[in-house]
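1. My questions concern the predicted model and sequence given below.
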Amino acid sequence: MPSSYVADFDKRLAGIVSQMQIEIAQALKSGELMSLSASARLTYIAEFYPELDRILRESGYFDLVNKLNKDSAGLVKNLRDIYAINKVPLAFVKSDVKVLTALNQMTFTAFEHIGSQAMQSVHTALMQGVLSGVSDKQVANIIQSEMTDRFQRYATTYANTARQEFAQRVAFLSAEQTRQDGDVLYWEYVGAEDDKNRDACVIGLAQRYFTDAEMQEFEATYADERAYNCRHIFVEVTKEMYDEGAKGENDLTDDELERRQEIIENI
Ligand SMILES: [Zn+2]
């Protein structure tokens with residue numbers, strides 16, 4: 001299950017994608033594609049890319065992405081709430097804002113890339129379709145599968161990944177301050193607990209409590225496996241929580257645990 005935020009992103013994107021499909025089909029028909037000769041059709045499709053690009057720009061996709069980026073303030077608040085329950089201060093200095101702005105810029109660029117990649121895939125598939133002489137219906141199927149099976153899926157996966165990375169980055173920036181102060185850090189691996197978890201995350205959740213060195217080793221070992229769609233992050237815990245955790249106990253009340261899990265799963 002994606003977080004409710006990403007589920008909402010996915011739903012809005014589905015609306016945008018289906019509208020785009022209609023517009024692409026209309027733009028193709030306005031060229032009366034099927035009544036053209038084979039070579040005229042090919043020329044038409046070859047010059048169709050700017051039209052696809054325009055449809056993407058006007059689709060509302062970038063507004064949706066900007067909205068996701070704007071909500072990064074909400075993510076920081078979520079993390080602050082988690083840290084309040086953990087009784088760990090979330091250190092956040094001015095220069096961190098710059099890092100996070102840069103991260104949002106990277107996210108935007110990646111979404112831009114996913115969008116233009118999708119338009120290129122549609123374009124290539126249309127070219128191949130026209131070359132092999134397909135029907136209107138098949139053209140519609142080509143557009144449908146490129147847009148829904150790929151564009152929609154890739155963009156939602158990335159939205160999930162970007163939010164998880166952003167939240168983790170905030171936690172790591174905060175930890176950087178603690179390290180500079182010479183204090184020792186302890187971590188807990190938290191997130192969704194269901195049968196969709198990958199091996200790496202099952203291992204992480206089973207250990208749950210990590211020293212700073214163990215956390216860094218885990219991050220390095222499982223970077224590839226956790227690169228996309230991971231729904232888990234490391235959050236800082238107090239030494240007391242770490243010690244209790246190592247004994248299989250927990251410092252937090254059931255109420256606190258429940259509230260915290262809810263926030264975490266909605267990142
Ligand atoms: Zn994970």
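-> Received the coordinates, thanks. Residues are numbered from 1 along each chain as shown.
2. relative to its centroid, which residue of this structure is most remote?
-> Centroid-distance maximum for the chain: residue 37 at 43.4 Å, with Cα atoms, centre = their mean.
3. Quick check: it vs residue 175, distance?
-> Distance from residue 37 to residue 175, counting by Cβ to Cβ, to the nearest Å: 65 Å. C-beta here means a position set from N, CA and C on the backbone, and glycine is covered the same way.
4. Next, the residue farthest from the centre of the chain: phi, psi?
-> When quoted as degrees, to the nearest 10, the phi and psi of residue 37 stand at phi -70, psi 160.
5. who in the stretch 101-250 of the chain is up against the ion?
-> Selection of the stretch 101-250 of the chain residues close to the ion by Cβ under 5 Å from the ion yields 201, 230, 232.
6. how about those residues in CSV, adding neighbour count, secondary structure and pLDDT?
-> Output for these, formatted as CSV (neighbours: other Cβ atoms under 10 Å; DSSP: H, G, I helix; E, B strand; the rest coil; pLDDT from 0 to 100):
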residue, neighbour count, secondary structure, pLDDT
201, 20, helix, 96
230, 21, coil, 91
232, 20, strand, 94
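7. Make sure residue 114 is actually in contact with residue 152.
-> No - at 10.2 Å, residue 114 does not count as touching residue 152 under the criterion of Cβ atoms under 8 Å.
8. So for those two, which residues contact both of them?
-> Applying Cβ atoms under 8 Å, 6 or more residues apart in numbering, one finds that no residue jointly contacts residue 114 and residue 152.
9. The stretch 1-150 of the chain: helices as residue ranges?
-> For the stretch 1-150 of the chain, the helices defined by DSSP state H, counting those that start in this stretch cover 4-30, 38-46, 49-57, 61-70, 72-86, 94-131, 136-144.
10. re the thing from before, closest to residue 190 among the residues of the stretch 101-250 of the chain next to the ion?
-> Ranked by distance to residue 190 (Cβ to Cβ), those are led by residue 232 at 6.5 Å.
11. Please report how far the closest one lies from residue 136.
-> Taken as Cβ to Cβ, the span from residue 232 to residue 136 is 46 Å.
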